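> fold the following and give me the result.
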Amino acid sequence: MICNGTATLNIYEIDETTAFSECKVLSFDEPNEDWLDFVAQNRQGTYSGDQYDLIFGPVANDDVYRTITLYMTGILSKEQTLEALKIRKLYNQLVFTSEKSLEYLKFQRRLFV
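Predicted structure coming up:
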């Protein structure tokens, strides 16, 4: 369906308990050293660790990315970067990285806004 300039919002549901128990999941409770290493390696295209179906944790959005860039360029140390991130309002995201993980999404409805 073509909506010619109308914004469309698709709403999905996921049973996190089932998906998290049946998928390979990487979860970060907070922005810590492991999270920072993971984000930096992915941004630099050097991540070579395990592959996961789902990744849950703080979003490295544009605001956070500025701080991470200072870390990746050596201006901030790992400790300084994590300290700077403590004052930011961070939101969590759930990333679906495999076909298997997408099977747990159930389409609910579409809204035209």
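
> SS state for the nearest residue to residue 104 once chain neighbours are set aside?
Excluding the flanking residues, the one nearest residue 104 by C-beta to C-beta, 6 or more residues apart in numbering is residue 19, at 4.0 Å. In short, each C-beta sits where N, CA and C put it, glycine included. State at residue 19, reduced to three classes by DSSP: H, G, I helix; E, B strand; the rest coil: helix.

> buried residues in the helix or strand bottoming out on mean pLDDT in the chain?
The weakest-scoring helix or strand in the chain, judged by mean pLDDT, DSSP states H and E, is helix 62-72 (a mean of 89). Buried positions in helix 62-72, judged by neighbour count with 16 or more other C-beta atoms under 10 Å: 64, 67, 68, 71, 72.

> how about stretch 74-84?
76, 81, 82, 84.

> among those residues, which two are most distant?
Every pair in the buried residues of stretch 74-84 was compared (C-beta to C-beta); the two farthest apart turn out to be 76 and 82, at 9.3 Å.

> can you tell me the helix or strand for residue 57?
strand 54-58 (DSSP states H and E).

> name the residues that touch that strand?
19-20, 23-31, 35, 64, 90-97, 101 (C-beta atoms under 8 Å, 6 or more residues apart in numbering).

> among the residues you listed, which are in helices?
Cross-referencing these against helices under DSSP state H gives 19, 20, 35, 64, 101.

> look up the closest residue to the fourth one, ignoring the ones flanking it.
Think residue 64. residue 88 (6.2 Å).
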